[in-house]
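J.: just to be clear, the model below is a prediction. Sequence and coordinates:
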Amino acid sequence: MTTYVVFTRDRIKDEAEFATYGKLAAKAGEGHPATRLAFYGDVETLEGDPVDGSVIISFPSKADALAWYHSPAYTEAREHRFKGADYRVYMVEGV
């Protein structure tokens, strides 16, 4: 079943670390069946705390999403995201 990984950025803490994350994360997607559905486009928060940025990535299955998330390349990139920004990240299966 299609699975979506949703990134909600709350704030950037370190521009340099966040830039490094961006470069590494782009490369980490290579070889994985990922489709970007939304990528830091114009965002309007309708409820809750304001959102600084958002990304939605589609994968054919939960297993594919987890394989990408736990891959060595994304694990390396993720460490820079942790240092560079505060995020909430979750995945949800489609219908």
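T.: Sure, I can see it.
J.: contacts, neighbours, all on C-alpha from now
T.: Will do.
J.: which residues of the chain fall in strands?
T.: Ranges of strands within the chain are 3-12, 35-39, 53-59, 85-93, based on DSSP state E.
J.: what residues sit buried inside the longest one?
T.: Buried residues in strand 3-12, defined by neighbour count with 16 or more other Cα atoms under 10 Å: 3, 4, 5, 6, 7, 8, 9, 10, 12.
J.: can you pull the pLDDT of the last one?
T.: According to the predicted model, the pLDDT of residue 12 comes to 97.
J.: so it makes contact with residue 83?
T.: No: using Cα atoms under 8 Å, residue 12 is not in contact with residue 83, being 9.1 Å away.
J.: hmm, residue 86 is touching residue 15, no?
T.: No: Residue 86 lies out of contact with residue 15 (Cα under 8 Å); the separation is 12.0 Å.
J.: which one of the two has more residues nearby?
T.: Comparing residue 86 with residue 15 by neighbour count (other Cα atoms under 10 Å), the higher total belongs to residue 86, at 16 against 12.
J.: farthest-apart pair in the buried residues of strand 3-12, please.
T.: The span of those, defined through Cα to Cα, is set by 3 and 12 at 26.3 Å.
J.: what residues does the spatially most central residue of the chain make contact with?
T.: What sits nearest the mean C-alpha location of the chain, by Cα atoms, centre = their mean, is residue 7, with 4.4 Å. By Cα atoms under 8 Å, 6 or more residues apart in numbering, the contact set of residue 7 is 54, 55, 56, 87, 88, 89, 90.
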